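Asks: Next come a sequence and a model predicted from it.
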Amino acid sequence: MSETWFTEQHAASGSSVGFRVRATLHEETTAYQRIAVYDSTDWGALMVIDGCMMVTARDNFLYHEMMTHPALYTHSTPRRVVIIGGGDCGTLREVLRHREVEHAVQVEIDERVTRLAERYFPELCEANGDARAELRFEDGIRYMADCAPGSVDVVIVDSTDPVGPAEGLFNEAFYRSCFRALGAGGVLVQQSESPLVHLDLIRSMRAAMRRAGFGACATLPFPQPSYPTGWWSCTLARKGTDDFADFRAADAAARPFTTRYYNAGVHRAALSAPEFLVQAFAGG
């Protein structure tokens, strides 16, 4: 009996990730990229952009929780949040679980990503109608450059890989815009690819963040089965201090919402880098 699989080949790691699929639910080419949505047999809906897996219904909670809760619990009072990218809206949903957040802006360049998420991943879009949410479809680089100084508490860069529309989100000029927009104690967090095969990229990101004015960075690894190597990371930078250990652990432990991966212990453990990362980031 023949089976159909969607497989993403990853030349940099000499590996591939594949899921068995029942059907292709949607395909289109937008002004920015090629988007496809598949119905997989075991992982639910699967969104693919330019041949790269973006989100599955089964494992997205790992990514979305780690992209939001460590950053928000690191900031003392995260009231104003900007999400650059994040078109599937899962990060926005997690951000708005925090009662102290008063306004969350999601700036996604390709509106079709969000509209397809609303159709095929409605559970990720539950907060889209929240009065605190603002959905904008425009260039995130320009948006951050135009932000008023000190007007933001947390910036979350939930982007695709550093190619195409996302390429300009991984450089010093963009980080300087984020630094200027953040108020005292502001936190920047950005998805930073696989620590197993993208160390050069992560090192360059951390160096650019420091040159932009941030203190020392923290790279938090976490599992992500649908991404190359099955291991992913986010990198945090904090304005005004390089101390990441003083996150609001008591608030994280008493959080008034349910998570599937994140908790205070996971947060604390993620700050304890594996030895090869300690060596890779020695001196910065």
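Replies: Now that the structure is in, tell me what you want to look at. Numbering: from 1, shown residues only.
Asks: any idea how far the spatially closest residue to His10 that is not a sequence neighbour is from Ala237?
Replies: Distance criterion Cβ to Cβ, 6 or more residues apart in numbering; nearest residue to His10, sequence neighbours excluded, is Pro228 at 3.8 Å. C-beta coordinates here come from the backbone N, C-alpha and C atoms, glycine included. Separation of Pro228 from Ala237 (Cβ to Cβ, to the nearest Å): 24 Å.
Asks: got the contact list for the residue nearest to His10?
Replies: Glu8, His10, Ala12, Ser13, Ser15, Val17, Ser194, Val197 (Cβ atoms under 8 Å, 6 or more residues apart in numbering).
Asks: count of neighbours near the first one?
Replies: Here the count is done by other Cβ atoms under 10 Å, and Glu8 has 16 residues near it.
Asks: Model confidence for it, exactly?
Replies: pLDDT, Glu8: 96.
Asks: which residues touch it?
Replies: Counted by Cβ under 8 Å, 6+ apart, Glu8 has contacts Ser16, Val17, Gly18, Val48, Gly51, Cys52, Met53, Pro228.
Asks: now the helices for this protein?
Replies: Using DSSP state H, the helices assigned to the chain run over residues 60-74, 90-95, 111-120, 140-146, 172-181, 199-211, 249-253, 264-270, 275-280.
Asks: Go through those and pick out the most buried.
Replies: By mean neighbour count, with neighbours taken as mean count of other Cβ atoms under 10 Å, helix 90-95 ranks first of the helices of the chain at a mean of 27.
Asks: Asp110 reaches Tyr32, doesn't it?
Replies: Yes. In this structure Asp110 lies within contact range of Tyr32 using Cβ atoms under 8 Å: 4.6 Å.
Asks: Can you give me the distance of Cys217 to Arg211?
Replies: Using Cβ to Cβ, Cys217 is found at 12 Å from Arg211.
Asks: Tell me which residues touch Tyr73, please.
Replies: Phe247, Arg248, Ala249, Asp251, Ala252, Ala264, His267.
Asks: Break the protein down into its domains, please.
Replies: 4-56, 60-280 (automatic domain parsing).
Asks: Highest mean neighbour count out of those domains?
Replies: domain 60-280 comes out most buried of those by mean count of other Cβ under 10 Å, with a mean of 19.
Asks: Mind checking the pLDDT average for it?
Replies: Computed over domain 60-280, the average pLDDT equals 95.
Asks: First-to-last residue distance for it?
Replies: Domain 60-280 has an end-to-end distance of 28 Å (Cα to Cα, to the nearest Å).
Asks: how distant is that domain from the center of its chain?
Replies: Offset of domain 60-280 from its chain centre (Cα atoms, centre = their mean, to the nearest Å): 5 Å.
Asks: between the helices of the chain, which gets nearest to His26?
Replies: helix 111-120 (6.3 Å; Cβ to Cβ).
Asks: who's in contact with the closest residue to Thr241 other than its chain neighbours?
Replies: Excluding its sequence neighbours, the residue lying closest to Thr241 (Cβ to Cβ, 6+ apart) is Gly215, at 5.7 Å. By Cβ under 8 Å, 6+ apart, the contact list for Gly215 reads Ala237, Arg238, Lys239, Gly240, Thr241, Asp242.
Asks: if we can go back for a sec, pick the one among the contacts of Pro228 closest to Phe257.
Replies: Distances from Phe257 to these, taken by Cβ to Cβ, are shortest for Ser194, at 28.5 Å.
Asks: Can you tell me how far that closest one is from His267?
Replies: Ser194 is 20 Å from His267, by Cβ to Cβ.
Asks: Can you give me the end-to-end span of stretch 233-251?
Replies: Stretch 233-251 end-to-end distance (Cα to Cα) = 23 Å.
Asks: dump the residue contacts of Arg203.
Replies: For Arg203, the residues meeting the contact criterion (Cβ under 8 Å, 6+ apart) are Ala280, Phe281, Gly284.
Asks: between those residues, which is nearest Asp139?
Replies: In terms of Cβ to Cβ, no member of the contacts of Arg203 lies closer to Asp139 than Gly284, at 29.8 Å.
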